[in-house]
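Asker: When you get a sec, could you give me coordinates for this:
(2 chains)
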Number of protein chains: 2
Amino acid sequence: VGDDAAVLEVNPGFELIACCDLSVEGVHFRREWAPPRLIGHKALAVTLSDVAAMGALARFAMVSMALPKSTSAQFIDELLAGMFELAEAWQVSIVGGDTSVSPGPLIIDTSVIGECEKGLALKRGGARPGDTIYVTGSLGASALGLQLLNSGITIDAGATETAGEAAQPPQVEAILRHLKPEPRLDAGRAIAQARVATAMIDISDGLSTDLSHIVEESGCGAVIQASSVPIAGCVTALASSGFDVVPLDVALHGGEEYELLFTAPPEAAARIADRFRSLSLQCTAIGEVIERPGLHLASEGGLEPMRPLGFEHLI
Amino acid sequence: VGDDAAVLEVNPGFELIACCDLSVEGVHFRREWAPPRLIGHKALAVTLSDVAAMGALARFAMVSMALPKSTSAQFIDELLAGMFELAEAWQVSIVGGDTSVSPGPLIIDTSVIGECEKGLALKRGGARPGDTIYVTGSLGASALGLQLLNSGITIDAGATETAGEAAQPPQVEAILRHLKPEPRLDAGRAIAQARVATAMIDISDGLSTDLSHIVEESGCGAVIQASSVPIAGCVTALASSGFDVVPLDVALHGGEEYELLFTAPPEAAARIADRFRSLSLQCTAIGEVIERPGLHLASEGGLEPMRPLGFEHLI
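Answerer: Residues are numbered from 1 along each chain as shown, chains lettered A, B, ... in the order given. So this is what the prediction gives:
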């Protein structure tokens, strides 16, 4: 990266997708909670997740970092290693960036350029009454992980190396889901290429808040079936062992999940199930788009309004 | 900007150009020195200048801002107004961004996506012995402006509205050249489209340092003719009125000029002069690329080595 800017080749017939995300020390992460490798991983993962939510292929990334003077070279190397590892896993080229000293916190801004076949990119505003609402993966673990970190529980560096493996105790699993989110790029592409979805978003602010973005921009409403919401195993495990958490609440309102939330007409159900079988990723129908504006939760007790309880950052 | 990412159309036959630049309070700017409108202007201008240095057309921009809690809505509006005004002047669409609270300084990261006809983008590494070295505009004013600001001289908000007009006292002109640089996008395009330049860079770190980037990446050296270096009028005016500044030094080593420095074979001289006549922008031949590595300064006293005295930021 010697030049003022990078020269990039894009594929003909594709549109560009561009997005960026800030990660601010003390707001989005704490150094006491995560090794630098995971800080780097997450700073890029959250922006890749935005590309995934459009159904696009991530191609290029740029990374700007404002670094406190006290930051060690080893810390920076590890942070970049975490970023490059994730970039490589998704064949994303880090093509440039900028660094500066910071008189305050460590701040990372990642910009990602992706591409999508013309007309195929999925937006928030296309949901129609009658559409089924789907979510990938399972929910609640990231917010619970943050709650655990806030209560003083930490994990050792060794655990972070084995992220994703099933044999972790539920606390460790929840914390890792918070610290090391995986962008759903494969799922996003599969959904876009199936050409059945009408709207898509990633769950960065919590299911209720991000669903409210879809229904507001689509001019409609939604009913979520409480019993269908996929709750992460570590959340139910910790709840049943007496930990102070209401699984459904944290699944509906917990932020930073980075799962995909999308809508598609009911006749696409088999096709969607097919696509996800080959991805070996869970995809669950959790409700329906309705004409009447607003969010509603259907449970044994009947239908009640659901408020979007937006995700709050550390400060 | 409702969606997770922006969808962008690019022209067929063009390559993408991507770059980003951080502006950190206390490092790149001070709020005491510049109204928010100029802080916004400059944060975008420095990144547009990188696109100009490639000879590309700037198309899209993203803006990430980490804002101290105390930042007023009016301050942010003014900052964005300065940015949008510059973007509009160059037909650049601001297509996205991110904002966060900052527990420290105000930090702005601007990313710009440009495009250039395939194969036409100019890099640093193409200069060849015998090439003439050119620079646009005149030099030294920005560094002198910074020196004035550092010595406690400020300008009133009214002066910032009339930036670029000639009738300013030399102090005000120098400070405005520092606070409100204009990206040389037109000149960059003209140079690339003339298909004669072999290397190009923008002078963000000072002529000597940026020229050293060109010669190092091109595997050659350079001789600069001291008497040919275009020194800004306000610099000579202040020097002759007794202000402590050596015009040639500040022109050779002062940073943040955002003029373009490029190389082209001697036979292209008439063509280059032609292009710049229609731009009504000064373009001066200041030296020659030579085989022998290193930078040299030729003056009445003979030929002496010139060290690249890199630009230093506020901290």
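
Asker: make it CA atoms for all contacts and neighbour counts henceforth
Answerer: Will do.

Asker: Could you report the neighbour count for A:Val101?
Answerer: A:Val101 has 22 neighbours, counted by other C-alpha atoms under 10 Å in any protein chain shown.

Asker: what sits opposite it in the beta ladder?
Answerer: Beta-bridge partners recorded for A:Val101 (DSSP bridges): A:Leu67.

Asker: In space, what's closest to the residue in the stretch 151-300 of chain A that chain B sits nearest to - neighbours in sequence excluded?
Answerer: Nearest to chain B, among the residues of the stretch 151-300 of chain A, is A:Ile201, at 7.0 Å (C-alpha to the nearest C-alpha). Once flanking residues are discounted, A:Ile201 sits nearest to A:Ala53: 4.9 Å by C-alpha to C-alpha, 6 or more residues apart in numbering or on different chains.

Asker: A:Ala45 sits in which helix or strand?
Answerer: helix A:36-53 (DSSP states H and E).

Asker: pull the CA atoms of that helix into PDB?
Answerer: Extracted in PDB, the C-alpha atoms of helix A:36-53 (Å, rounded to 0.1, in the frame of the first residue of the first chain):
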ATOM      1  CA  PRO A  36      -6.300  -7.300  20.500                       C
ATOM      2  CA  ARG A  37      -6.800 -10.100  18.000                       C
ATOM      3  CA  LEU A  38     -10.600 -10.200  18.800                       C
ATOM      4  CA  ILE A  39     -10.800  -6.400  18.800                       C
ATOM      5  CA  GLY A  40      -9.400  -6.400  15.300                       C
ATOM      6  CA  HIS A  41     -11.700  -9.300  14.300                       C
ATOM      7  CA  LYS A  42     -14.800  -7.600  15.500                       C
ATOM      8  CA  ALA A  43     -14.000  -4.200  14.100                       C
ATOM      9  CA  LEU A  44     -14.000  -5.700  10.600                       C
ATOM     10  CA  ALA A  45     -16.700  -8.300  11.300                       C
ATOM     11  CA  VAL A  46     -19.400  -5.600  12.000                       C
ATOM     12  CA  THR A  47     -18.800  -3.900   8.700                       C
ATOM     13  CA  LEU A  48     -18.700  -7.200   6.800                       C
ATOM     14  CA  SER A  49     -22.000  -8.000   8.400                       C
ATOM     15  CA  ASP A  50     -23.500  -4.900   6.800                       C
ATOM     16  CA  VAL A  51     -22.300  -6.200   3.400                       C
ATOM     17  CA  ALA A  52     -23.900  -9.600   4.300                       C
ATOM     18  CA  ALA A  53     -27.200  -7.900   5.000                       C
END
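
Asker: May I ask which helix or strand of chain A has the lowest mean pLDDT?
Answerer: For chain A, scoring each helix and strand by mean pLDDT, DSSP states H and E identifies helix A:157-161 as the least confident one, at a mean of 65.

Asker: Show me what the helix or strand following it packs onto, helices and strands only.
Answerer: As assigned by DSSP H and E, the chain's next helix or strand after helix A:157-161 is helix A:170-179. Helix A:170-179 sits against helix A:36-53, helix A:141-150, helix A:233-240, with contacts defined as 3 or more C-alpha pairs under 8 Å, 6 or more residues apart in numbering or on different chains; DSSP states H and E.

Asker: Which elements pack onto the helix holding A:Ala45?
Answerer: Applying 3+ C-alpha pairs under 8 Å, 6+ apart, we find helix A:36-53 packed against strand A:14-24, strand A:57-68, helix A:73-89, strand A:107-117, helix A:170-179, helix A:185-193, strand A:199-202.

Asker: angle of it against strand A:14-24?
Answerer: Put simply, helix A:36-53 runs at 140 degrees to strand A:14-24, going by axes from the mean of the first three to the mean of the last three C-alpha atoms, to 10 degrees.

Asker: report the angle between the axes of helix A:36-53 and helix A:185-193?
Answerer: Helix A:36-53 runs at 0 degrees relative to helix A:185-193, counting by the same axes, to 10 degrees.

Asker: Show the average pLDDT along helix A:36-53.
Answerer: Across helix A:36-53, pLDDT averages out at 97.

Asker: do the same with stretch A:271-282
Answerer: Confidence for stretch A:271-282, expressed as mean pLDDT, is 93.

Asker: What residues sit buried inside it?
Answerer: By 16 or more other C-alpha atoms under 10 Å in any protein chain shown, the buried positions in stretch A:271-282 come out as A:Ile272, A:Arg275, A:Phe276.

Asker: re the thing from before, to what extent is the residue nearest to A:Ile201 buried, counted in neighbours?
Answerer: For A:Ala53, using other C-alpha under 10 Å, the count is 34.

Asker: Surely it is in contact with A:Leu122?
Answerer: Yes - under the criterion of C-alpha atoms under 8 Å, A:Ala53 makes contact with A:Leu122 at 7.2 Å.

Asker: which residues are common contacts for these two?
Answerer: A:Met200 (C-alpha atoms under 8 Å, 6 or more residues apart in numbering or on different chains).

Asker: Give me the secondary structure label for A:His296.
Answerer: Under the three-state scheme (DSSP: H, G, I helix; E, B strand; the rest coil), the conformation of A:His296 reads as strand.

Asker: for it, what are its contacts?
Answerer: A:Ala222, A:Val223, A:Ile224, A:Leu303, A:Glu304, A:Pro305, A:Met306.

Asker: Ignoring the adjacent residues along the chain, who's closest to the second one?
Answerer: In this case it means A:Val223. Nearest residue to A:Val223 in three dimensions, chain neighbours excluded: A:His296, at 4.6 Å (C-alpha to C-alpha, 6+ apart).

Asker: Who does the one you found form a beta bridge with?
Answerer: A:Val223, A:Pro305.

Asker: any idea which element A:Ser212 lies in?
Answerer: Using DSSP H and E, A:Ser212 sits within helix A:207-218.
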